[in-house]
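Chemist: Predicted model and sequence below, questions to follow.
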Amino acid sequence: MNFCPITYQPCGDKKYSDNGLKLLSRNLTQLKDLPLTQEEQLREAAIRADKMSIQGVQPKLSAKLNVKDEVFDIVDRGGEYILKPQNNFYPELPENESLTMKLAELIGVEVPLSGMIYSSDEKFTYFIKRFDRYGRSKKLSLEDFAQLAGKSRETKYDYSMEKLITLIDTFCTFPAIEKVKLFRLSIFNFLIGNEDMHLKNFSLIARDNKVEFSPAYDLLNTTIVVPKSQEEIALPLAGKRRNLSTKILIDYFAKERLKLNQTIISQVFNKINTEWNNWEKLIKISFLSNEMKEKYFELMKKRKAVVLL
């Protein structure tokens, strides 16, 4: 029995479920393998790096879905999807990011359509649909927090979680709503071991006549990927990047700095508790290796004990 790498639903002897294909396009009945191996994708990403509008440390490709030919086409400009191939230095990143995005969605974090597709060498490539595009090549206004804070790619860690609140108050239409989103995402990242939420991994988007947090992206468990990882958070909170506690995360960050009341805080944690068993089930059927699955869930249980869920 196969599982669809887009929906994680059973799909018999097929590579993708019908629901998974329909999420990509209602007219799609099958999807061919990406006509590039992992190594070919990495070479293409390096060659096209200066031509594409997408950037970042992890190799990426821009793509459009060719419904007629039932395949993703690699493009330099105007892409509707971002593709991330396997990485030679960090194992199972596509499988990791795909799973993590699904875990986030279960507790109410807004995420774009994402999943994995098969490459010509049968390895997985992660995809995410661009959320700053609509219609025919129209763009929504999107700025990451590094831009808003006047920081560069080199200084994206030179900030703090407290200062994010000032940016929310300054730029968001309804700051109180966005502060709840920041808290939910911060607790999620702590629980799943995402130590790399720097300034460029938070963005604001202008849509529906308001400025708000964009859908989440670049979510993955970095702790199980990076050897001898010591930090728990990318931007310091109360001056600390490690050894975070209930006092820091709840009493200080949620109550004192974000001004969240106990009802809101409880709603966030109750949702996590409600979905905990579903999280465990998703990890078990995910495409991670058994070793990585075990590391992923064990870390979550350890972090859960810290915040007394």
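Modeler: Okay, I see it.
Chemist: quick one: the spatially most central residue of the chain from residue 70, how far?
Modeler: Centroid-nearest residue in the chain: residue 219, 2.8 Å away (criterion: C-alpha atoms, centre = their mean). Note on residue 219: its distance to residue 70, by C-beta to C-beta, to the nearest Å, is 29 Å. (Each C-beta comes from the backbone N, C-alpha and C, glycine too.)
Chemist: and residue 135, how many neighbours?
Modeler: Using other C-beta atoms under 10 Å, residue 135 has 6 other residues around it.
Chemist: Please enumerate the strands of the stretch 201-309 of the chain.
Modeler: The residue ranges that make up the strands of the stretch 201-309 of the chain, judged by DSSP state E, counting those that start in this stretch, are 203-207, 210-213.
Chemist: how does the chain divide into domains?
Modeler: Domain assignment for the chain by automatic domain parsing gives 18-134, 138-306.
Chemist: quick one, which of those is nearest to residue 7?
Modeler: Each of those has some distance to residue 7 by C-beta to C-beta; the shortest is domain 18-134, at 4.4 Å.
Chemist: Now do the helix or strand bottoming out on mean pLDDT in the chain: distance to the chain's middle.
Modeler: Ranking every helix and strand in the chain by mean pLDDT, DSSP states H and E puts strand 133-134 at the bottom, with a mean of 84. Distance of strand 133-134 from the chain centroid (C-alpha atoms, centre = their mean, to the nearest Å) equals 19 Å.
Chemist: And stretch 215-225, by the same measure?
Modeler: 6 Å.
Chemist: And the contacts of that stretch?
Modeler: 56, 90-93, 96-97, 100-101, 104, 109-112, 128, 131, 185, 188-189, 192-196, 201, 203, 205, 229, 232, 292, 295-296, 299 (C-beta atoms under 8 Å, 6 or more residues apart in numbering).
Chemist: Now with 6 Å, please.
Modeler: 90, 96-97, 100-101, 104, 109-112, 131, 192-196, 201, 229, 295-296, 299 (C-beta atoms under 6 Å, 6 or more residues apart in numbering).
Chemist: Check stretch 275-287 too.
Modeler: Residues contacting stretch 275-287 (C-beta under 6 Å, 6+ apart): 3, 8, 95, 99, 102, 103, 106, 107, 293, 296, 297.
Chemist: Look up phi and psi at the third one.
Modeler: Backbone geometry at residue 95, expressed as degrees, to the nearest 10, gives phi -60, psi -40.
Chemist: what does the fifth one give?
Modeler: With angles defined as degrees, to the nearest 10, residue 102 sits at phi -70, psi -40.
Chemist: which residue sits closest to it, ignoring its sequence neighbours?
Modeler: The shortest distance from residue 102 to any non-neighbouring residue, by C-beta to C-beta, 6 or more residues apart in numbering, is to residue 282 (5.9 Å).
Chemist: and residue 15, what does it touch?
Modeler: Per C-beta under 6 Å, 6+ apart, neighbours of residue 15: residue 118.
Chemist: One more pass at 8 Å, please.
Modeler: Residue 15 makes contact with 2, 4, 5, 31, 118 under the criterion C-beta under 8 Å, 6+ apart.
Chemist: Just put the residues you listed in a markdown table and tack on secondary structure, pLDDT and distance to residue 138.
Modeler: Shown next, in a markdown table, are the contacts of residue 15 (DSSP: H, G, I helix; E, B strand; the rest coil; pLDDT from 0 to 100; distance: C-beta to C-beta, whole Å):
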| residue | secondary structure | pLDDT | distance to residue 138 |
| --- | --- | --- | --- |
| 2 | coil | 94 | 37 |
| 4 | coil | 98 | 30 |
| 5 | coil | 98 | 29 |
| 31 | coil | 98 | 26 |
| 118 | strand | 98 | 31 |
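Chemist: Which of these sits closest to residue 159?
Modeler: residue 5 (34.9 Å).
Chemist: Low-confidence stretches in the stretch 51-200 of the chain?
Modeler: Across the stretch 51-200 of the chain, the ranges flagged by pLDDT under 70 are 51-57.
Chemist: quick one, strands of it?
Modeler: 61-66, 71-75, 81-84, 114-118, 124-129, 133-134, 138-139, 141-144.
Chemist: Neighbouring strands - and their directions - for the third one?
Modeler: Same thing as strand 81-84. strand 61-66 (antiparallel), strand 124-129 (antiparallel) (DSSP bridges).
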